[in-house]
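Colleague: sequence unknown, structure follows:
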């Protein structure tokens, strides 16, 4: 409960800093109008007055904050619709992509980490840790290009004249919902986005499980005559997974950053691509809305990580 | 920088143990070799480049080299490459030369941004950890704020703002370094703070205080040298992170601006030419991957060598 209350001033501080950035934008929020030759200086002055831009900054900030709190994030000039609506419309596509990536990352990353720890120093362990290093060092945008080159441009030939060829852009190729088609479009971007998290989760799972395997209670369990399998599943994994859950929750910022790049390259109609479009058209209100939403999600996921951690591990107490 | 050098001499760990431990990490040694080669390539880019990185190879009017499509690498088609070992990009500039000059950009951005990050992070972390109390509280809440805003979108918005304000209408190298450095310090600050919180309670800190040293001297001469190992590891890994960050910004058109070659901006147009010129998409990314991988392995080796308990 106290943690929840602590995140409120944090969010306020974030909003102050982001507003500071917004206010420093050249020409302020009126930048798109300043370049328009049909708008005179008198028009600008009138706009400034109407929008309250001639008032002191702190007053503007509180007015702006008041609007944000009731869900009014302003009007997006690049999309000609309210910012909130523009973001909400793209939200499901981003959630679909990030959810699929996170699912792949958890399934593959944690399995790989367990295998790596159980067969420590085996060739398999070396293969997995090497793969994890590659995954961590891979620039997302280049991995995306290489996947497109392999699977979309050329296609991977299979025996028997078949070929793996996957679509490299968009979320679907028809207006009506077709599950197979949607899935086909999802594969490449989801794999691209999941690579970094697979690497992180597997490395973390490996070290976490190794640490648990070396504890006294594991030795006790082994001394009781339990089989390694039982020890691993009944005691080892349960304890080793606790810190990994936190890492999963804390991976949200990097997932969001990766989604910006992935969505741009795969023409995925999500919030990340919306953000990049807004960037090229200096659509301030939308940029601010996006940054605020993302910061809110991060603060919320950190809070969730703390709560889940305390719930899973009774030794942890926040006061 | 002087602080870091001074501190390194006072490492509690002897240089001999450090080297024997580091040498045991084969991949870190390999990483160091690769990175050294990259640094040499960057330093001698001017001498090593077979062509001017920014000029278009038109050939002569009798023998036009350039027909509007990227020239292939020599190992693919010797008759069409006209001496461009790795081919050319979409406007006919030599890929190998651009890669060599791109190495300069990536490595210097990585190095200087991290120096800045370490200076800010260490100072703030040391102050927070040493003084504690409300100073610590305020500084840590500030790091919380910066850690809650994902770095990439924030950097993108900032570079877009600066690109629009700047009169030269171009993002200079210095601007990229400064904004990356100015925003990536929170992790270093947290690390240094954590070390300082425990170090300041130790007897030698007590002794230094009792002898009448002032705070600055205690912080820099007595505490910082003992906190330097985790900073070095973090800084090394961050160089890799910054190289990826810079290349991502440049790829999206908001980092190093063309015609200056950076590995990231060389890939900016690669997507549309994927079908015709695979080499323009493959080689710059391979350079990023190899460099970042080398640095990550060095960081891993340093971590094992400096403190085996750090995990």
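Modeller: Done, it's in. As the structure is a computational prediction, the values presented were derived from the model and not from experiment.
Colleague: for the stretch 101-250 of chain B, which spans come out with low pLDDT?
Modeller: B:165-171 (pLDDT under 70).
Colleague: Assign a three-state SS to the residue of chain A found nearest chain B, would you?
Modeller: Relative to chain B, the nearest point of chain A is residue A:142 (3.2 Å; Cβ to the nearest Cβ). (Glycine included, C-beta is placed from N, CA and C.) State at residue A:142, reduced to three classes by DSSP: H, G, I helix; E, B strand; the rest coil: helix.
Colleague: what's it in contact with, if anything?
Modeller: B:267, B:281, B:284, B:285, B:288, B:289 (Cβ atoms under 8 Å, 6 or more residues apart in numbering or on different chains).
Colleague: what's the distance between it and residue B:267?
Modeller: Residue A:142 is 6 Å from residue B:267, where distance means Cβ to Cβ, to the nearest Å.
Colleague: so what pLDDT did the residue of chain A closest to chain B get?
Modeller: At residue A:142 the predicted local confidence, pLDDT, stands at 93.
Colleague: What is the subsequent helix or strand relative to the lowest-mean-pLDDT helix or strand in chain A?
Modeller: Between all helices and strands in chain A, the lowest mean by mean pLDDT, DSSP states H and E belongs to helix A:31-34, at a mean of 62. Heading C-terminal from helix A:31-34, the first helix or strand you meet, by DSSP states H and E, is helix A:41-50.
Colleague: pLDDT on that next one, on average?
Modeller: 74.
Colleague: do stretch A:297-305 as well
Modeller: 88.
Colleague: Tell me how many other residues crowd residue A:187.
Modeller: Neighbour count of residue A:187, defined by other Cβ atoms under 10 Å in any protein chain shown: 16.
Colleague: Ok, residue A:95 next?
Modeller: For residue A:95, using other Cβ under 10 Å, the count is 13.
Colleague: same question, residue A:13
Modeller: Neighbours of residue A:13 (other Cβ under 10 Å): 16.
Colleague: do the same with residue A:281
Modeller: Residue A:281 has 14 nearby residues by other Cβ under 10 Å.
Colleague: what's the spacing between it and residue A:242?
Modeller: Counting by Cβ to Cβ, the gap from residue A:281 to residue A:242 is 45 Å.
Colleague: my guess is residue A:260 contacts residue A:277, does it?
Modeller: No. If you go by Cβ atoms under 8 Å, residue A:260 and residue A:277 don't touch, sitting 11.1 Å apart.
Colleague: Of those two, which one has the most company?
Modeller: Neighbour count, other Cβ under 10 Å: between residue A:260 and residue A:277, residue A:260 has more, with 28 against 16.
Colleague: Name the helix or strand for the more buried one, please.
Modeller: helix A:252-265.
Colleague: and that helix with chain B, contact?
Modeller: Yes. Judged by Cβ under 8 Å from any Cβ of the partner chain, helix A:252-265 comes into contact with chain B through A:253, A:254, A:256, A:257, A:260, A:261, A:264, A:265.
Colleague: so where's chain A uncertain?
Modeller: For chain A, the stretches with pLDDT under 70 are A:1-2, A:23-37, A:51-52, A:158-163, A:174-175, A:316-319.
Colleague: Run through the helices of it in chain order.
Modeller: A:2-23, A:31-34, A:41-50, A:57-69, A:83-118, A:123-137, A:140-147, A:179-213, A:216-223, A:228-230, A:237-250, A:252-265, A:271-280, A:284-312 (DSSP state H).
Colleague: So which of those is nearest residue B:138?
Modeller: helix A:2-23 (10.7 Å; Cβ to Cβ).
Colleague: which residues are contacting that closest one?
Modeller: Here helix A:2-23 makes contact (Cβ under 8 Å, 6+ apart) with A:29, A:57, A:60-61, A:64-65, A:68, A:284, A:287-288, A:291-292, A:295-296, A:299-300, A:302-303, A:306-307, A:318-319, B:141-142, B:144-145, B:148-149, B:157-158, B:161.
Colleague: Name the residues of that helix that are buried.
Modeller: Residues of helix A:2-23 classed as buried: A:7, A:10, A:11, A:13, A:14, A:15, A:17, A:18, A:19, A:21, A:22 (neighbour count, 16 or more other Cβ atoms under 10 Å in any protein chain shown).
Colleague: What residues does residue 204 make contact with?
Modeller: You didn't say which chain, so I picked chain A. Here residue A:204 is in contact with A:113, A:243, A:244, A:247 (Cβ under 8 Å, 6+ apart).
Colleague: switch to chain B, that's the one I care about
Modeller: Per Cβ under 8 Å, 6+ apart, neighbours of residue B:204: residue B:222.
Colleague: So which bits of the one helix or strand it maps to are buried?
Modeller: Following DSSP H and E, one finds residue B:204 within helix B:203-210. Neighbour-count burial for helix B:203-210 flags B:205, B:208 (criterion: 16+ other Cβ under 10 Å).
Colleague: Let me know the next secondary structure element after it.
Modeller: Downstream of helix B:203-210, the next assigned helix or strand under DSSP H and E is helix B:215-217.
Colleague: Does chain A have contacts with the following helix or strand past that following helix?
Modeller: Next in sequence after helix B:215-217, counting helices and strands by DSSP H and E, comes helix B:228-251. Yes. Interface with chain A: helix B:228-251 contributes B:240, B:244, B:247, B:248, B:251 (Cβ under 8 Å from any Cβ).
Colleague: where does residue B:35 land on pLDDT?
Modeller: For residue B:35, the predicted pLDDT is 94.
Colleague: Three-state assignment for it, please.
Modeller: Taking three-state DSSP as the rule, one finds residue B:35 in the helix state.
Colleague: Nothing else from me, thank you.
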